[in-house]
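In: How does the following fold in three dimensions:
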Amino acid sequence: MKNALTLKPGAMTLTELRAVWTAAGPLALAAEAYPVIEASAAAVRAIVAKGDAAYGINTGFGLLAKTRIPDDKLEQLQRNLILSHSVGTGELLSDAVCRLILLMKIGSLARGYSGVRPLIIDTLIALYNAGIMPAIPAKGSVGASGDLAPLSHMTLAMLGVGDVRVHGEIMPAADALKAANIAPVVLAAKEGLALINGTQVSTALALHGLFMAERLLEAGMVSGALSLDAAKGSDSPFDARVHEVRGQPGQIAAASIYRQLVSNSAIRASHLVGDERVQDPYCLRCQPQVMGACWDIIGNAARTLLIEANAVTDNPLLFKDGELSVVVSGGNFHAEPVAFAADTLALAIAEIGAISERRIALLIDATLSGLPPFLVRDPGVNSGFMIAHVTAAALASENKSLAHPGSVDSIPTSANQEDHVSMATYAARRLDDMAHNTAVIIGIELLAAAQGIDFHRPLKTSPHLEHVHAQLRQKVPFFDADRFFAPDIEAAKGMVMRGELSASCKGLFTAVHP
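Out: Numbering: from 1, shown residues only. I've put the predicted structure just below:
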């Protein structure tokens, strides 16, 4: 398949995952995966033929694991499992998240420890390539025993049951499969359980949060550098020696980017001599320390999530023991690593927004910034950025509540069989709200900082930041008097969410993506 992403089970990269998150494209499975998949499926058939009880293959599930299921009801068992577990609620997950879910489920099953037939994996690939996205409600998983409810909704699409989304349109799954010439599957022994038992939904949501956090980190550094020049702050705190003696890698890298962002600014040169201020407020001076710490924990989360994206997380698993295949029941479905990664991402997203809000407050305060009150001519008649800052403050405060860790919560389910859960799905899902909040805050800061730069004309900021300023001014004009402000904020937020601020500073941010 031309220009297809060839999935190599267990070896996906963050670059590939980002590409799938960003846009749809053809997908193929590496040919060498198929013999391993078939061998695993053959092992399940052998277990069924032998007649020994094996959890998830010919028994009930959860607390009903001791119930032996007759061979002639195994297909019904798997179908009933999917139907009964499809109990999600809430808004549907986005196409970007659904693509990640499908990709990771394909990759996990294709490693050959789950006992599914190649037909199952090929059907998932066919759905992906046809742009048939399962209609997966966002709520209903506690992050152990896997993402049972949302993955059941994913599996419904393979059965031709329920709804799917194709190019943004909701339609019956049966109609979408027929139009794409995809036959609905009949699940064999273990296949339903393998499909719904796993952490792919939690991980997809966390990856969605990760990729947004990366953009927020970049945008927050650009807007922070622009604010520094707008407030006529000092770049001396970015001196490499300061950061090297501390040794924190993210801080060192962030300081390097800040130095490059503000390099050759005429505004900075204008107050190198005769500036009575000794030190800037922390929101300007400590940017490398704060954003560098965010950089480090975002990187740590990325490493955890990449491992999980390649992991086998269903239960039970099949392993070769000499010539025999053995079924081992474990707990890889418990998404605690994902919950921890999501919680640390929440801290980073909240802090990026929090320090940005403080810079907005500084810029509108004439006593601190030296700029016109509320960044507008004729203050009093005009309110300027007064209430835009209130919006930023409201969102920063909301993020403080949302940043409370989900992983410290647990609630027993399944008659206390599943008595400790990760809450990873919620922990990851709330990152989207937090990221949008922070994107608005940074967008408001971008507008405020650009306004400050305009008040310093004819002096110019650095070449990098002049380019950012010009990109913004193509979408949002100078705020010369009060006007309907919300569209300006949405335009600036869009630049943040699309990664346009860092794209305007070519070559500076390649290291942000591990």
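In: Name the residues of the helix or strand harbouring Met212 that come out as buried.
Out: For Met212, the host element (DSSP states H and E) is helix 200-230. Neighbour-count burial for helix 200-230 flags 200-230 (criterion: 16 or more other Cβ atoms under 10 Å). Heads up, the C-betas are built off the backbone N, CA and C, glycines and all.
In: Ok, stretch 286-305 next?
Out: Across stretch 286-305, burial judged by 16+ other Cβ under 10 Å covers 287-302, 304-305.
In: Can you pull out the low-pLDDT segments for the chain?
Out: Residues of the chain that meet the criterion pLDDT under 70 lie in 1, 62-63, 511-514.
In: so what does the helix or strand hosting Asn300 touch, helix or strand wise?
Out: Per DSSP H and E: Asn300 is located in helix 287-309. If contacts are counted by 3 or more Cβ pairs under 8 Å, 6 or more residues apart in numbering; DSSP states H and E, helix 287-309 sits against helix 14-22, helix 200-230, helix 249-262, helix 336-364.
In: got the angle between it and helix 249-262?
Out: Per axes from the mean of the first three to the mean of the last three Cα atoms, to 10 degrees, the angle that helix 287-309 makes with helix 249-262 is 120 degrees.
In: Okay, now the sheet partners of the following helix or strand past helix 287-309, with direction.
Out: Using DSSP H and E, the helix or strand that directly follows helix 287-309 along the chain is strand 317-321. Sheet partners assigned to strand 317-321 using DSSP bridges are listed as strand 324-328 (antiparallel).
In: Buried ones in stretch 82-90, by neighbour count?
Out: Buried residues in stretch 82-90 (16+ other Cβ under 10 Å): 82-83, 85-86, 88.
In: Using TSV, lay out those residues together with secondary structure.
Out: Putting the buried residues of stretch 82-90 into TSV (DSSP: H, G, I helix; E, B strand; the rest coil) gives the following:
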residue	secondary structure
Ile82	helix
Leu83	helix
His85	helix
Ser86	coil
Gly88	coil
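In: For the closest residue to Arg215 other than its chain neighbours, give its distance to Ala439.
Out: Distance criterion Cβ to Cβ, 6 or more residues apart in numbering; nearest residue to Arg215, sequence neighbours excluded, is Gly499 at 4.6 Å. Counting by Cβ to Cβ, to the nearest Å, the gap from Gly499 to Ala439 is 11 Å.
In: residues shared between the contacts of the two?
Out: Each of Ala219 lies in contact with both Gly499 and Ala439 under the rule Cβ atoms under 8 Å, 6 or more residues apart in numbering.
In: Which among the helices and strands packed on helix 287-309 is found nearest to Leu508?
Out: When these are ranked by distance to Leu508, counting by Cβ to Cβ, first place goes to helix 249-262 at 5.4 Å.
In: can you list the residues that contact the helix or strand following that closest one?
Out: Downstream of helix 249-262, the next assigned helix or strand under DSSP H and E is helix 266-270. Outside helix 266-270, the residues that touch it by Cβ under 8 Å, 6+ apart are 229, 232, 235, 262, 453, 456, 459-462.
In: looking at the residues you listed, which has the most residues close by?
Out: Thr461 (27 neighbours; other Cβ atoms under 10 Å).
In: give me the number of residues near Leu324?
Out: 9.
In: and what of Ser108?
Out: 27.
In: i'd like the first residue to be 47 from this point on
Out: All set: I'll call the first residue 47, so the last point we hit is now Ser154.
In: contacting residues for the closest residue in space to it that isn't next to it in sequence?
Out: For Ser154, ignoring the flanking residues on the chain, the nearest one in space by Cβ to Cβ, 6+ apart is Val358 at 5.3 Å. Contact analysis of Val358 by Cβ under 8 Å, 6+ apart lists 154, 157, 159-160, 378.
In: which one of those residues sits closest to Ala203?
Out: Using Cβ to Cβ, those come closest to Ala203 at Ser154, 17.3 Å.
In: List the residues that contact the closest one.
Out: Ser154 touches 55, 160, 244, 246, 356-360, counting by Cβ under 8 Å, 6+ apart.
In: In a markdown table, list the residues you listed along with distance to Asp209.
Out: Converted to a markdown table, those look like this (distance: Cβ to Cβ, whole Å):
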| residue | distance to Asp209 |
| --- | --- |
| Pro55 | 29 |
| Ser160 | 26 |
| Gly244 | 22 |
| Gln246 | 20 |
| Asn356 | 30 |
| Ala357 | 29 |
| Val358 | 29 |
| Thr359 | 26 |
| Asp360 | 25 |
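In: between these, which is closest to Val232?
Out: Using Cβ to Cβ, the contacts of Ser154 come closest to Val232 at Ser160, 17.5 Å.
In: between Gly545 and Ala485, which one's more packed in?
Out: Comparing Gly545 with Ala485 by other Cβ under 10 Å, the one with more neighbours is Ala485, at 26 against 18.
In: looking at this, the more buried one is in a helix?
Out: Yes. Assessed with three-state DSSP, Ala485 lies in a helix.
In: measure it to Ala259 for me?
Out: With Cβ to Cβ as the criterion, Ala485 and Ala259 are 11 Å apart.
In: again, but for Pro164
Out: In terms of Cβ to Cβ, Pro164 sits 36 Å off from Ala259.
In: same check, this time on Met150
Out: 19 Å.
In: ditto for Asp528
Out: From Asp528 to Ala259 the distance is 34 Å (Cβ to Cβ).
In: now swap in Gln294 and tell me
Out: For Gln294 relative to Ala259 (Cβ to Cβ), the value is 18 Å.
In: And Trp67, by the same measure?
Out: Using Cβ to Cβ, Trp67 is found at 13 Å from Ala259.
In: just Val288 next, same as before
Out: From Val288 over to Ala259 the distance is 26 Å, taken as Cβ to Cβ.
In: ok, which stretches of the protein are strands?
Out: 51-53, 73-75, 135-138, 178-180, 183-185, 209-212, 215-218, 363-367, 370-374 (DSSP state E).
In: partners of the third one in the sheet?
Out: Pointing back at strand 135-138 there. strand 183-185 (antiparallel).
In: Ok, the second one next?
Out: According to DSSP bridges, the neighbouring strands of strand 73-75, each with its direction, are strand 51-53 (parallel).
In: What residues of the partner strand count as buried?
Out: 51, 53.
In: and for it, what are the contacting residues?
Out: 62, 65-66, 71-76, 149, 152-153, 156.
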